[in-house]
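Undergrad: just to be clear, the model below is a prediction. Sequence and coordinates:
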Amino acid sequence: MVERRPWLDVFAHAVLLAGVALVAFPLYVTFVASTQTAQEVAAAPMSLLPGEHFVDNYVHALVSGSGAGSSGAPVGRMMWVSLVMALAIALGKIAISLLSAFAVVYFRFPGRMFFFWMIFVTLMLPVEVRIAPTYKVVADLGLLDSYAGLTLPLIASATATFLFRQFFLTVPDELVEAARMDGAGPLRFLRDVLLPLARTSIAALFVIQFIYGWNQYLWPLLITTREDMYPVVIGIKRMISGGDSVTEWNIVMATAMLAMIPPVLVVVLMQKWFVKGLVDSEK
Amino acid sequence: MEKRVIFSHKTLPYLLLAPQLAVTAVFFFLPAGQAMWQSFQREDIFGLSTEFVGLANFADLFGQGGYLESFRTTALFSVLVAGTGLAVSLLLAVMADRVVRGASLYKTLLIWPYAVAPAVVGVLWLFLFSPAVGILAVALNRAGLPWNPRLDGDQALALVIVAATWKQISYNFLFFLAGLQAIPRSLVEAAAIDGAGPARRFWTIVFPLLSPTTFFLLVVNIIYAFFDTFAVIDTTTQGGPGTATSILVYKVYRDGFVGLDLGSSAAQSVILMAIVIVLTVAQFRYIDRKVQY
């Protein structure tokens, strides 16, 4: 604080409160809609006070989904698919990136820089620009509608590899010397020295990659055709039919709340790791 | 930077790299190569034979008004998403940097939208602006503005811009706040002693010193608007009405998976790849040579 300007403080709080309101408003309306009956939501304008059907709507969504057309898959199942997908992507990315960063930093071998650049270039090939041919590869491998098909194509990670590489470069050489003196091989060194040191980086990456995995949309949209393999993010889209009249907005909104809860909880509860992960992975 | 002390082993490093390289080869390089190959090919209408057509697919693309229009839509969309998002979050970050009491609470309350899936963001705003039931749509109608994004292309574009910007505010806010907190207090204090007021201090000291962050965020936001907003568009407008919100990524998807014109879709993929490469290089140059005054 450079100087006292009370009116400016008041203004700052006012702007921030407006910002918080802007950010929270859609969430509030979603919550309210998820506690009302379909008729109450459809009464334009709907009431902005929570209704009495909180439990009914959420149980209905979790157990039997929304019955618009044939897409009546239960949201409970979708949440499970999303969870498996997000965990597999996050842990898979961390595992393979940790190993490849270890290889690139702690060994000298022919082709080292070539492989490093090969991983780097994947940054420039997001799913969005190679959807049709990637789909064909996955279809040829018979991986449509499977967890492997959902996760494997998204598991390579240039950013995670960079992050671990940066981190390994800051680990003092004396630790390697000490480990070698004590007769530890490379894998032992990785497990007993590097992994414990990398705990914070791993936690930070986990938060970012879990959210990334949970929120994937385009890829699951392409390769899942069976209802029981829909992640919740896809399921919610399938619940919205063409016209307003047949969309059960209260159930859709309950599903939206359910789809938001896990990643938002991860961000809010692990805020420290989240901020670190976000800032580090962009360096 | 290189390690002085290393391990020596003939095969182990290759084994360690194998999983990552296998995934990149099968799911990245093979498809990208195929996209490039297909972009020079054309399939007959029955999908029985393909012939090499050189650059004809590209020529067709730029010959059609549709593709150039999609470029224009994408440009307008990304400029508005990046511009609005940066302006709003800079304002919030400057205010959050100023307040002492409640700063961390504001931060928590402002960053959670980062975690919300773009598809869910699309659904939330679709509901708020849905002509028949949406609370904001009803308000607009009552205010004398007939609102129907299913019929009016400009309104559809406004809807996806609002949704896409809303999601990105938290990300920009975090980086701006970090950038602001890295500015040495002594500079601002010196200016205050010389008699510069808050507005003057912001424009002559804080804003120029923040330019590396701003430039970085500008590139990130453009990449976001180009590629990560697919889900927002697919859940709200599906590129419509007509092609009013059909940005480049959406058009690739539509032509390839709905229209089944693989040659054209592949040619569009190749153009998108070129755009990503340019943007990524811009982003990395920023790291080497910061934009500084």
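TA: On my side now, so go ahead.

Undergrad: okay, now the unreliable bits of chain B?
TA: B:1, B:43-48, B:286-293 (pLDDT under 70).

Undergrad: centre-most residue in it?
TA: Centroid-nearest residue in chain B: B:Tyr224, 1.2 Å away (criterion: C-alpha atoms, centre = their mean).

Undergrad: list the contacts of the residue lying closest to it once chain neighbours are set aside.
TA: Here the nearest residue to B:Tyr224 in space, its sequence neighbours aside, is B:Gln168; by C-beta to C-beta, 6 or more residues apart in numbering or on different chains that works out to 5.9 Å. Glycine gets a C-beta too; all of them are placed from N, C-alpha and C. Applying C-beta atoms under 8 Å, 6 or more residues apart in numbering or on different chains to B:Gln168 gives the contacts B:81, B:85, B:89, B:221, B:224.

Undergrad: one more: A:Val32?
TA: Contacts for A:Val32 (C-beta under 8 Å, 6+ apart) come out as A:46-51.

Undergrad: change it to 10 Å
TA: With contact set as C-beta atoms under 10 Å, 6 or more residues apart in numbering or on different chains, A:Val32 has these partners: A:40-41, A:46-51, A:250, A:253, B:135.

Undergrad: also B:Phe71?
TA: B:Phe71 is in contact with B:61-62, B:247-248, B:251, B:271, counting by C-beta under 10 Å, 6+ apart.

Undergrad: again, only using 6 Å
TA: If a contact means C-beta atoms under 6 Å, 6 or more residues apart in numbering or on different chains, then B:Phe71 has no contacts.

Undergrad: what does A:Val129 give?
TA: Counting by C-beta under 6 Å, 6+ apart, A:Val129 touches B:269, B:272-273.

Undergrad: ok so, going back, please pick the buried ones from the contacts of A:Val32.
TA: A:40-41, A:46, A:51, A:250, A:253, B:135 (16 or more other C-beta atoms under 10 Å in any protein chain shown).

Undergrad: what is the burial count for B:Pro208?
TA: Close neighbours of B:Pro208, defined as other C-beta atoms under 10 Å in any protein chain shown, add up to 13.

Undergrad: again but with B:Ile275, I slipped
TA: 17.

Undergrad: check B:Asp154 too.
TA: Neighbours of B:Asp154 (other C-beta under 10 Å): 10.

Undergrad: need the contact list for the closest residue to it other than its chain neighbours.
TA: In space, and not counting its chain neighbours, B:Asp154 is closest to B:Ala244: 7.4 Å by C-beta to C-beta, 6+ apart. The contact partners of B:Ala244, taken as C-beta under 6 Å, 6+ apart, are B:153, B:156-157.

Undergrad: same check, this time on A:Leu99
TA: Applying C-beta under 6 Å, 6+ apart to A:Leu99 gives the contacts B:Leu16.

Undergrad: enumerate the residues of the stretch 101-250 of chain A near chain B.
TA: Neighbours of chain B within the stretch 101-250 of chain A, by C-beta under 6 Å from any C-beta of the partner chain: A:102-103, A:105-109, A:115, A:122-126, A:128-130, A:132-134, A:137, A:153, A:155-156, A:169, A:173, A:176-177, A:186, A:211, A:215, A:217-218, A:233, A:236-237, A:244.

Undergrad: show me which of the residues you listed are buried.
TA: A:102-103, A:105-107, A:109, A:115, A:122-126, A:128-130, A:132-134, A:137, A:153, A:155-156, A:176, A:186, A:211, A:215, A:217-218, A:233, A:236-237, A:244.

Undergrad: gap between whatever residue of the stretch 151-293 of chain B ends up closest to chain A and B:Tyr253?
TA: Going by C-beta to the nearest C-beta, chain A is nearest to B:Ala231 of the stretch 151-293 of chain B, at 3.7 Å. For B:Ala231, the distance to B:Tyr253 equals 11 Å [C-beta to C-beta, to the nearest Å].

Undergrad: just the contacts of B:Gln168: which are in strands?
TA: Among these, no residue falls in strands (DSSP state E).

Undergrad: now restrict the residues you listed to buried residues only.
TA: With burial judged by 16+ other C-beta under 10 Å, the buried subset of the contacts of B:Gln168 is B:81, B:85, B:89, B:221, B:224.

Undergrad: can you redo these as TSV with distance to B:Phe215?
TA: Listed next are those as TSV, based on distance: C-beta to C-beta, whole Å:
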residue	distance to B:Phe215
B:Val81	17
B:Gly85	14
B:Ser89	15
B:Asn221	11
B:Tyr224	15
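
Undergrad: please identify the buried residues of stretch B:74-87?
TA: B:74, B:77-78, B:80-82, B:84-86.

Undergrad: and the contacts of that stretch?
TA: Stretch B:74-87 is contacted from outside by B:161, B:164-165, B:168-169, B:172, B:218, B:221-222, B:225-226, B:247-248, using C-beta under 6 Å, 6+ apart.

Undergrad: can you pick out the most distant pair from those residues?
TA: Farthest-apart pair in the contacts of stretch B:74-87 is B:Ile169 and B:Leu248; separation 23.5 Å (C-beta to C-beta).

Undergrad: on that earlier part again, the residue nearest to B:Tyr224: helix or strand, and which one exactly?
TA: Following DSSP states H and E, one finds B:Gln168 within helix B:153-181.

Undergrad: that helix: what's the following helix or strand?
TA: Defined by DSSP H and E, the subsequent element after helix B:153-181 is helix B:185-193.

Undergrad: what about that next one and chain A, touching?
TA: Yes: using C-beta under 6 Å from any C-beta, helix B:185-193 reaches chain A at B:188-189, B:192.

Undergrad: can you map out the strands along the chain?
TA: No chain specified, so I'll use chain A. Taking DSSP E, chain A contains no strands at all.

Undergrad: let's do chain B instead
TA: Taking DSSP E as the criterion, chain B carries its strands at B:41-43, B:50-52.

Undergrad: which stretch among those comes nearest B:Ala143?
TA: Of all those, strand B:41-43 comes closest under C-beta to C-beta, at 51.2 Å.

Undergrad: check contacts around residue 53.
TA: Since you didn't name a chain, this refers to chain A. With contact set as C-beta under 6 Å, 6+ apart, A:His53 has these partners: A:35, A:37.

Undergrad: meant chain B actually
TA: Residues counted as contacts of B:Val53 (C-beta under 6 Å, 6+ apart) are B:Arg42.

Undergrad: okay, now the unreliable bits of the stretch 151-283 of chain A?
TA: Within the stretch 151-283 of chain A, the ranges that satisfy pLDDT under 70 run A:241-246, A:281-283.

Undergrad: can you show me the helices along it?
TA: Assigned by DSSP state H, counting those that start in this stretch, the stretch 151-283 of chain A shows helices spanning A:158-170, A:173-181, A:186-189, A:195-197, A:199-214, A:218-223, A:232-239, A:249-269, A:271-281.

Undergrad: what's the second one packed up against?
TA: I take that to be helix A:173-181. Here helix A:173-181 touches no other helix or strand, going by 3 or more C-beta pairs under 6 Å, 6 or more residues apart in numbering or on different chains; DSSP states H and E.
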